[in-house]
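Engineer: next input, structure requested:
(chains A, B, C and D)
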Protein chains: 2
Amino acid sequence: MATIRDISKLAGVSVTTVSRALNHYDDVSPTTKQKIIEIAKEIGYVPNRSAQNLVKNQNNTLAIILSGLEKNGGKDNIIYRLLSGMYSYSESVNYEVVLYTTSSAHQREKTYVQFCREHNIGGAVLNGIRLDDPYFKELVNSDLPCVLIDIPAIGGNTSSISIHNKQAANDAVSYLIEQNHKHIGMINGHGEASVSLERYEGYVMALNKYKIEINEQYIVHADFQQNVAYEKTKQLLNKCPEITALFCASDMMALGAMKAMKEMNLKIPDDISVIGFDDIPLAEFATPPLTTMEQDFYRMGEEAARQLLKMIKHEKTERNIFLEHNLIVRNSVRML
Amino acid sequence: MATIRDISKLAGVSVTTVSRALNHYDDVSPTTKQKIIEIAKEIGYVPNRSAQNLVKNQNNTLAIILSGLEKNGGKDNIIYRLLSGMYSYSESVNYEVVLYTTSSAHQREKTYVQFCREHNIGGAVLNGIRLDDPYFKELVNSDLPCVLIDIPAIGGNTSSISIHNKQAANDAVSYLIEQNHKHIGMINGHGEASVSLERYEGYVMALNKYKIEINEQYIVHADFQQNVAYEKTKQLLNKCPEITALFCASDMMALGAMKAMKEMNLKIPDDISVIGFDDIPLAEFATPPLTTMEQDFYRMGEEAARQLLKMIKHEKTERNIFLEHNLIVRNSVRML
DNA sequence: TTGTACGCGTTATCAA
DNA sequence: TTGATAACGCGTACAA
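Structural biologist: Numbers count the residues shown, from 1 in each chain, chains lettered A, B, ... in the order given. Sure, this is the predicted structure:
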């Protein structure tokens, strides 16, 4: 590989001058600069990132930390959209993005902090991390700039991005109630996700608003997973056949629930209504098309990167950023 | 940040010893090694990747190069599955993966080779790259180990992974013919994708086998895009109403085609049959569920990474690797 | 078994 | 406007 040293020899100048020319410093004569750039191009010079990072001790890289890339995951397209938004903004400010994910398979995995330090990461966005993840705690308590998706900002140098989950859940459940549903079940995620608590609160808020009593039996957890939701829905509807509508805290779970209903010979939405959360691509194609609460994950990714850059530059940032949510009415809910 | 120098002072040994202890050399006494490791942990030492890379001049990193992360893309989940498979294997051999994608938005983008050199990438897997992409040519003509997904191996140090596209297309179209279809249209991708040519050949092969004449009017290109397929399908079916079945070179295009058919009041599969390609998650949820040719993208990613590692280690590799395809019969094709 | 000294490729400081 | 030189953190001949 060609180095600036090679260029310096060819151009008959010092490496210092080469470095300055290539970095467009203004204290190098136009002629030498011109010559250097030409030679560099000619011999196919490419700067060595590692060397640059080493001396500059910052490397214009952001990390996105995910809970795991699973073989059969990704069907909700959320990670793709997040990534896509993050790349879009990062690119515009000349930053790069690296992805880190812990695999349960390997024990030799590093903590998030280790990974970031090792790679000299400027900041990280976290998605899908459980609150009880010890590496998560370590990270937010470090001084690394972090943007948490769907988790309220905690710890030293963090901020967060999400929709108003409580309000969104309230809107979804209120919509159900306005269609005259009174016995409304909820398929929630798990206890180690902030959004689960918030969406539960929104559910309760809506019922309270309409003076409908809360029945704790109506609420089950399905770990945000389609197949778990499938099982839990069967159990729930067998135990409480009076339920006429189900509020699911994710579309993937709604899909599982719908599968269960069909197998129980319940017609959607005639016999039972379903409302989802996220508006994933599959929602539109479900039978019937799923009514759901839309979140703009592309924008979340974009905002996360923007926020991170502000934090890196020590600009003033908001602690918690909220994006808008939007109810997408399709055909999985009927008026009673 | 703590460095090995800090550790050496604390431990009262030289940096050399620290380095060796941390890298598990066997020529350091168990006691000193023990002590060093403890101190390292205590002060939260993390090795500096840049420094390591600089001195070792190889950094255990693979790249995945994509044609672009689009705001509304990713619905086919292919990139996710590829990534997921690649990470899985890479992790098992202690390699990392970085993602590179050219955005049409920015001109300051680097060529693939530049990116790889800059980051000291050991090898790259390419997906979704057009044959006429000049950066693609540059890359395969460089000496960087490359694994091409869906493109036959060309250039110096490359190999490829794909299914037998011609055979798979032949299988799909034969299936249609065996259901007594004779007027079979094809929605293909674009001319700068090897798979388009191969799938076209498979289509022709099947028709020839059954002595059905090829009608070039029946074949249109839709750039692998859903909405283009939607438009082209309308045009095609208006022009050639005798068509009873459509072979689509991707599921996303099949989805677009189905939308067009529905709008034309054609019942699927009663009035017209459709067969897709890929078996994306949406296929199962389409109405009716889409019969399609399955590809295992997770495995492709895994194999790509495995192949790359062989190439990096100068082990013997096969030039072209073929995975199996598998027809998934659902309800979008009927027997005439 | 351990330490000294050098080099990886680059940028920054200072002096010329 | 340019150049010599010292860093950055680590790995490794070579010497002890």
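Engineer: just checking, residue A:135 touches residue A:112?
Structural biologist: Yes. At 4.7 Å, residue A:135 and residue A:112 qualify as touching, with contact defined as Cβ atoms under 8 Å. Using the backbone N, CA and C atoms, a C-beta is placed for each residue, glycine as well.
Engineer: get me the contact residues on chain A for DNA strand C.
Structural biologist: Listed as neighbours of DNA strand C in chain A under the rule Cβ under 7 Å from any atom of the strand: A:1, A:3-5, A:15-16, A:19, A:22-23, A:45, A:47-48, A:51-52, A:54-56.
Engineer: these in helices, which ones?
Structural biologist: A:4, A:5, A:15, A:16, A:19, A:22, A:51, A:52, A:54, A:55, A:56 (DSSP state H).
Engineer: where along chain A do the helices fall?
Structural biologist: Assigned by DSSP H, the helices in chain A fall at A:4-11, A:15-22, A:30-42, A:49-56, A:78-92, A:112-118, A:134-141, A:165-178, A:194-209, A:226-239, A:251-263, A:281-285, A:297-312.
Engineer: report the distance from the first one to the chain centre.
Structural biologist: So the one you mean is helix A:4-11. 45 Å (Cα atoms, centre = their mean, to the nearest Å).
Engineer: sorry, back to before: more neighbours, residue A:135 and residue A:112?
Structural biologist: In terms of neighbours (other Cβ atoms under 10 Å in any protein chain shown), residue A:112 is the more surrounded of residue A:135 and residue A:112; the figures are 27 against 18.
Engineer: any idea of the pLDDT on the more buried one?
Structural biologist: Looking at residue A:112, its pLDDT reads 92.
Engineer: can stretch A:113-127 be found next to chain B?
Structural biologist: Yes. Shown here: stretch A:113-127 in contact with chain B (Cβ under 8 Å from any Cβ of the partner chain) through A:113, A:114, A:117, A:118, A:119, A:120.
Engineer: who does the spatially most central residue of chain A bridge with?
Structural biologist: Nearest to the geometric centre of chain A sits residue A:127, at 4.3 Å (Cα atoms, centre = their mean). Here residue A:127 sits in beta bridges with residue A:66, as judged by DSSP bridges.
Engineer: how close does it get to residue A:297?
Structural biologist: Remark: distance between residue A:127 and residue A:297 (Cβ to Cβ, to the nearest Å) = 9 Å.
Engineer: who are the contact partners of the nearest residue to residue A:334 once chain neighbours are set aside?
Structural biologist: In this structure, residue A:334 finds its nearest non-sequential neighbour in residue A:269, 3.8 Å apart by Cβ to Cβ, 6 or more residues apart in numbering or on different chains. Contacts for residue A:269 (Cβ atoms under 8 Å, 6 or more residues apart in numbering or on different chains) come out as A:288, A:331, A:332, A:333, A:334.
Engineer: circling back: top of the ones in helices among the residues of chain A next to DNA strand C by neighbour count?
Structural biologist: Busiest of those [other Cβ under 10 Å] is residue A:4, holding 22 neighbours.
Engineer: what's the local residue count around the closest residue in space to that one that isn't next to it in sequence?
Structural biologist: Nearest residue to residue A:4 in three dimensions, chain neighbours excluded: residue A:18, at 4.4 Å (Cβ to Cβ, 6+ apart). Applying other Cβ under 10 Å, we find 27 residues neighbouring residue A:18.
Engineer: domains in chain A, as residue ranges please.
Structural biologist: For chain A, the domain assignment from automatic domain parsing gives the residue ranges A:4-56, A:61-163+A:297-325, A:165-295.
Engineer: so which of the contacts of residue A:269 sit within strands?
Structural biologist: Counting by DSSP state E, none of the members of those fall within strands.
Engineer: just curious, which of these is nearest to DNA strand D?
Structural biologist: residue A:332 (55.2 Å; Cβ to the nearest atom of the strand).
Engineer: let me see the contact set for that closest one.
Structural biologist: Taking Cβ under 8 Å, 6+ apart, we find residue A:332 in contact with A:254, A:258, A:268-269, A:273-276, A:286, A:288-291.
Engineer: at 6 Å what do you get?
Structural biologist: A:268, A:269, A:274, A:288, A:290, A:291 (Cβ atoms under 6 Å, 6 or more residues apart in numbering or on different chains).
Engineer: number of nearby residues for residue A:205?
Structural biologist: Using other Cβ under 10 Å, residue A:205 has 15 other residues around it.
Engineer: excluding residues flanking it in the chain, which one is nearest it?
Structural biologist: residue A:170 (4.7 Å).
Engineer: I figured that neighbour was touching residue A:204, is that so?
Structural biologist: No. Residue A:170 is not in contact with residue A:204 according to Cβ atoms under 6 Å; the separation is 8.8 Å.
Engineer: show me which of those two is the more surrounded one.
Structural biologist: Taking neighbours as other Cβ under 10 Å, residue A:170 and residue A:204 compare with residue A:170 leading, 22 against 18.
Engineer: and residue A:283, what does it touch?
Structural biologist: When contacts are counted by Cβ under 6 Å, 6+ apart, residue A:283 is found next to A:251, A:276, A:290, A:292.
Engineer: in contact with the residue in the stretch 101-250 of chain A positioned nearest to chain B, which residues?
Structural biologist: Chain B sits closest to residue A:117 of the stretch 101-250 of chain A, with a gap of 4.0 Å, by Cβ to the nearest Cβ. Residues near residue A:117 by Cβ under 6 Å, 6+ apart: residue B:46.
Engineer: what do you get for residue A:75?
Structural biologist: residue B:281.
Engineer: over to residue A:274?
Structural biologist: Contact analysis of residue A:274 by Cβ under 6 Å, 6+ apart lists A:246, A:254, A:257, A:258, A:268, A:332.
Engineer: most neighbours of all those residues, which one?
Structural biologist: Busiest of these [other Cβ under 10 Å] is residue A:246, holding 32 neighbours.
Engineer: identify the residues contacting that one.
Structural biologist: Counted by Cβ under 6 Å, 6+ apart, residue A:246 has contacts A:185, A:257, A:274.
Engineer: what does residue A:228 give?
Structural biologist: Counted by Cβ under 6 Å, 6+ apart, residue A:228 has contacts residue A:222.
Engineer: then residue A:292?
Structural biologist: Contact partners of residue A:292, counting by Cβ under 6 Å, 6+ apart, are A:251, A:276, A:279, A:283, A:328.
Engineer: redo the domains of chain A as JSON lines? Include distance to residue B:31.
Structural biologist: Converted to JSON lines, these look like this (distance: least, Cβ to Cβ, whole Å):
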{"stretch": "domain A:4-56", "distance to residue B:31": "32"}
{"stretch": "domain A:61-163+A:297-325", "distance to residue B:31": "25"}
{"stretch": "domain A:165-295", "distance to residue B:31": "42"}
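Engineer: could I get the ones you listed as CSV with distance to DNA strand D?
Structural biologist: Below are those laid out as CSV (distance: least, Cβ to the nearest atom of the strand, whole Å):
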stretch, distance to DNA strand D
domain A:4-56, 3
domain A:61-163+A:297-325, 9
domain A:165-295, 34
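Engineer: of all those, which lies closest to residue B:225?
Structural biologist: Closest approach to residue B:225 among the domains of chain A (Cβ to Cβ): domain A:165-295, 14.5 Å.
Engineer: what about that closest one, distance to the chain center?
Structural biologist: 22 Å.
Engineer: just the endpoints, please. Distance across that domain?
Structural biologist: Terminal residues of domain A:165-295 are spaced 10 Å apart (Cα to Cα, to the nearest Å).
Engineer: next: stretch A:23-31.
Structural biologist: 15 Å.
Engineer: quick check, that stretch touching chain B?
Structural biologist: No. Stretch A:23-31 does not reach chain B (Cβ under 6 Å from any Cβ of the partner chain); its nearest approach is 12.8 Å.
Engineer: let's test this: mean pLDDT of that stretch, rounded?
Structural biologist: Rounded mean pLDDT across stretch A:23-31 is 89.
Engineer: that one: which residues count as buried?
Structural biologist: residue A:28 (16 or more other Cβ atoms under 10 Å in any protein chain shown).
Engineer: likewise for stretch A:141-151?
Structural biologist: A:142, A:144, A:145, A:146, A:147, A:148, A:149, A:150, A:151.
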